[in-house]
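Engineer: got a structure for you, letters missing:
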């Protein structure tokens, strides 16, 4: 591998060297920044990773690449699932390219027959991936299904708040943010955020800054629609916990109120 994953990476697309962009687009290296992940050519990546893809699938991927990043990833995941079935998920999940592992996330999201526990079990390893982008793709890929069965999803995610991995604890919070990033809002939680307390409360003094930021952002989302609820909750949390983590979460949660 010509370049290592420890490189600094580009912050602007125009700053990505041509050889780095080519290596990213051929799946030879992982992206070091979100900018790189968004800039690589997924058409070339698909042709490199799966040289035997039939022409209709390649044409569908080319069409998908004309869409925004989330629709692009979702469409490619569905195309690959149609071509390779569930067995193709393992091949993508084991690839060195974070974008290809992202496709695995969306292949799991495209599997219609999975119930919530099975879907969470399938996405678990990718939700705990070492690469930041894969962890984002993981929750985005299954969010729609989780949101469509909120009560079941919340119940299934509660045990994740006790996981040793901060990545998995963060997934429990991030996946059901009322507004989220790059994704549809969850109207039910915007109107009534209380049902998410079984997930949020166990994380209110989490030692991981990664988790703290997610919980704070969850509450910041909720504060746009239910500001008094967020203020009351933060007041309650700070009365019952003198943790620096709780103070940090609440300060960030209330930053726009």
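Structural biologist: Sure, I can see it. As the structure is a computational prediction, the values presented were derived from the model and not from experiment.
Engineer: Would you map out the domains in this protein?
Structural biologist: 16-148, 150-257 (automatic domain parsing).
Engineer: could you redo the ones you listed as CSV and give each row mean neighbour count, distance to residue 10 and mean pLDDT?
Structural biologist: Placement of C-beta: from N, CA and C, glycine included. Output for these, formatted as CSV (neighbours: other CB atoms under 10 Å; distance: least, CB to CB, whole Å; pLDDT from 0 to 100):
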stretch, mean neighbour count, distance to residue 10, mean pLDDT
domain 16-148, 19, 4, 97
domain 150-257, 18, 20, 96
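Engineer: Let's have the ones you listed in a markdown table, adding distance to residue 9.
Structural biologist: Formatted as a markdown table, these follow (distance: least, CB to CB, whole Å):
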| stretch | distance to residue 9 |
| --- | --- |
| domain 16-148 | 3 |
| domain 150-257 | 19 |
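Engineer: which SS class is residue 95?
Structural biologist: coil (DSSP: H, G, I helix; E, B strand; the rest coil).
Engineer: what's the answer for residue 151, then?
Structural biologist: helix.
Engineer: likewise residue 112?
Structural biologist: With three-state DSSP as the criterion, residue 112 reads coil.
Engineer: What values do phi and psi take at it?
Structural biologist: Here the main-chain torsion angles of residue 112 (degrees, to the nearest 10) amount to phi -70, psi -30.
Engineer: What distance do you get for it to residue 146?
Structural biologist: 15 Å (CB to CB, to the nearest Å).
Engineer: picking up where we left off before, and the domains of the chain: which comes nearest residue 7?
Structural biologist: Proximity to residue 7, assessed across those by CB to CB, is greatest for domain 16-148 (5.5 Å).
Engineer: quick one: terminal-to-terminal distance for the closest one?
Structural biologist: Taking CA to CA, to the nearest Å as the measure, domain 16-148 stretches 39 Å from start to finish.
Engineer: How about stretch 16-34?
Structural biologist: Stretch 16-34: ends 12 Å apart by CA to CA.
Engineer: Stretch 177-191 now?
Structural biologist: Where stretch 177-191 begins and where it ends lie 12 Å apart, using CA to CA.
Engineer: hmm, who's touching it?
Structural biologist: Contact with stretch 177-191 is made by 69-70, 140, 143-144, 147, 150, 174, 176, 193, 195-196, 214, 217-218, 221-222, 224-226, as judged by CB atoms under 8 Å, 6 or more residues apart in numbering.
Engineer: now with 10 Å?
Structural biologist: Residues outside stretch 177-191 that contact it (CB atoms under 10 Å, 6 or more residues apart in numbering): 68-71, 136, 139-140, 143-144, 146-148, 150-151, 154, 174-176, 192-193, 195-196, 214-215, 217-226.
Engineer: Inside helices: which ones of those residues?
Structural biologist: Of the positions in these, 69-71, 136, 139-140, 143-144, 146-148, 150-151, 154, 174, 214-215, 217-223 sit in helices, assigned by DSSP state H.
Engineer: can you pull out the strands in the protein?
Structural biologist: Applying DSSP state E to the chain gives no strands.
Engineer: Need the pLDDT of residue 6.
Structural biologist: Residue 6 carries a pLDDT value of 65.
Engineer: Ignore what I typed, I meant residue 2.
Structural biologist: pLDDT recorded at residue 2 is 35.
Engineer: show me the contacts for the closest residue to residue 38 other than its chain neighbours.
Structural biologist: Using CB to CB, 6 or more residues apart in numbering and skipping residues adjacent in sequence, the residue nearest residue 38 is residue 69, 5.8 Å away. Going by CB under 10 Å, 6+ apart, residue 69 touches 34, 37, 38, 42, 102, 137, 140, 182.
Engineer: The residue nearest to residue 163 when sequence neighbours are not counted and residue 210: what is the separation?
Structural biologist: Leaving out its chain neighbours, the residue that sits closest to residue 163 by CB to CB, 6+ apart is residue 169, at 5.5 Å. Separation of residue 169 from residue 210 (CB to CB): 9 Å.
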